[in-house]
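In: Provided below for reference: sequence and predicted model.
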Amino acid sequence: MKINEIFYSIQGEGKWSGLPNIFIRTTGCNLRCSFCDTKYAYDNGKEMSLDEIINSIKKYRCEYICITGGEPLLQNEILDLINILLKKNYKICLETNGSIKIKNITGKKSLMISLDIKCPSSVMHEKMCLENLSLLKKDDQVKFVIENKKDYNYAKEILCKYKPVCTVFFQPVWGSDPKHLSDWILKDGLNAKLGLQIHKIIWGDKKGV
């Protein structure tokens with residue numbers, strides 16, 4: 001499978017925020033979000049066998065793995081990789097962009113699905129597979145990246161309609177003022193967590209962190 005990078009860092013988003021993670025970033029994405037911060041993963045990468053991937057992560061003393069992209073579900077061997085890692089007792093977070101059906105990967109023990117539902121400012125919101133929301137389990141998570149009030153209202157409507165059972169994060173687009181999003185959440189008493197990208201707060205917006 002084609003891998004863009006493998007690195008060890010602090011998880012900056014979601015339920016595992018603050019925990020050391022091994023990151024496996026796959027190459028290729030079927031979306032082109034306006035605010036994408038990993039455009040370097042669209043094409044750049046190298047072919048690695050599953051054994052090569054496993055050997056490359058052995059040096060890290062960490063049980064948490066984040067498989068991200070790009071879009072990992074575009075990789076033909078992604079399920080094989082996940083199953084191998086689970087058998088080795090790793091805890092896995094699979095980050096997926098919301099456009100591909102997740103039916104075949106839900107419900108696995110020690111696998112958390114992190115579903116990213118795109119809002120209008122991304123210009124990719126019409127490509128979402130919203131029925132995925134009904135497949136999420138309590139231990140999964142869903143994220144909305146929000147740039148403005150239109151995005152916020154869009155995300156709020158989706159929450160009201162689909163009522164996901166998992167933890168929900170509202171994350172401001174990097175560089176926008178999180179105070180506005182905080183005020184909107186507080187005013188509406190919304191059952192959502194404000195998510196900040198703490199890895200960028202620590203190291204800035206750069207590759208490999």
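Out: On my side now, so go ahead. Keep in mind that what you see is a predicted model, and the values were worked out from it rather than measured.
In: drop to CA atoms for contacts and neighbour counts, all remaining ones
Out: Fine.
In: Report the central residue of the chain.
Out: Residue closest to the mean C-alpha point of the chain, counted by C-alpha atoms, centre = their mean, is Glu95 at 3.3 Å.
In: Which parts of this structure are strands?
Out: Applying DSSP state E to the chain gives strands spanning 2-10, 20-26, 46-47, 64-68, 91-96, 111-117, 141-146, 167-172, 193-194.
In: How about stretch 176-195, which residues are buried there?
Out: Across stretch 176-195, burial judged by 16 or more other C-alpha atoms under 10 Å covers 178, 181-182, 185, 192-195.
In: quick revisit: okay, the strands of the chain in TSV with mean pLDDT and distance to Cys129 next?
Out: Shown next, in TSV, are these (pLDDT from 0 to 100; distance: least, C-alpha to C-alpha, whole Å):
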stretch	mean pLDDT	distance to Cys129
strand 2-10	97	24
strand 20-26	98	21
strand 46-47	96	29
strand 64-68	98	18
strand 91-96	98	11
strand 111-117	97	9
strand 141-146	98	13
strand 167-172	97	17
strand 193-194	96	22
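In: Nearest to Leu81 among those strands would be which one?
Out: With C-alpha to C-alpha as the criterion, Leu81 lies closest to strand 64-68 of the strands of the chain, at 9.8 Å.
In: how long is stretch 84-93 end to end?
Out: 14 Å (C-alpha to C-alpha, to the nearest Å).
In: next one: stretch 34-51
Out: End-to-end distance for stretch 34-51, by C-alpha to C-alpha: 35 Å.
In: quick one: buried residues of it?
Out: Buried residues in stretch 34-51 (16+ other C-alpha under 10 Å): 39, 41-42, 45.
In: From those, pick the one nearest Gln11.
Out: Among those, Ala41 lies closest to Gln11 (C-alpha to C-alpha), at 18.2 Å.
In: In contact with that closest one, which residues?
Out: Taking C-alpha atoms under 8 Å, 6 or more residues apart in numbering, we find Ala41 in contact with 4, 25-29, 69-70.
In: Let me know the distance separating it from Thr26.
Out: With C-alpha to C-alpha as the criterion, Ala41 and Thr26 are 7 Å apart.
In: Give me the common contacts of the two.
Out: Overlap of the contact sets of Ala41 and Thr26 (by C-alpha under 8 Å, 6+ apart) consists of 4, 69-70.
In: the bottom helix or strand of the chain by mean pLDDT?
Out: Lowest by mean pLDDT, DSSP states H and E among the helices and strands of the chain is helix 198-203, with a mean of 90.
In: For it, buried residues please.
Out: Result for helix 198-203 [16+ other C-alpha under 10 Å]: buried residues His199.
In: okay, that helix in CSV with CA atoms only?
Out: Below are the C-alpha coordinates for helix 198-203, written out as CSV (Å, rounded to 0.1, in the frame of the first residue of the first chain):
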residue,chain,number,x,y,z
ILE,A,198,-3.1,21.0,20.0
HIS,A,199,-0.2,19.6,17.9
LYS,A,200,-0.4,22.8,15.9
ILE,A,201,-0.5,24.9,19.0
ILE,A,202,2.7,23.2,20.2
TRP,A,203,4.7,22.9,16.9
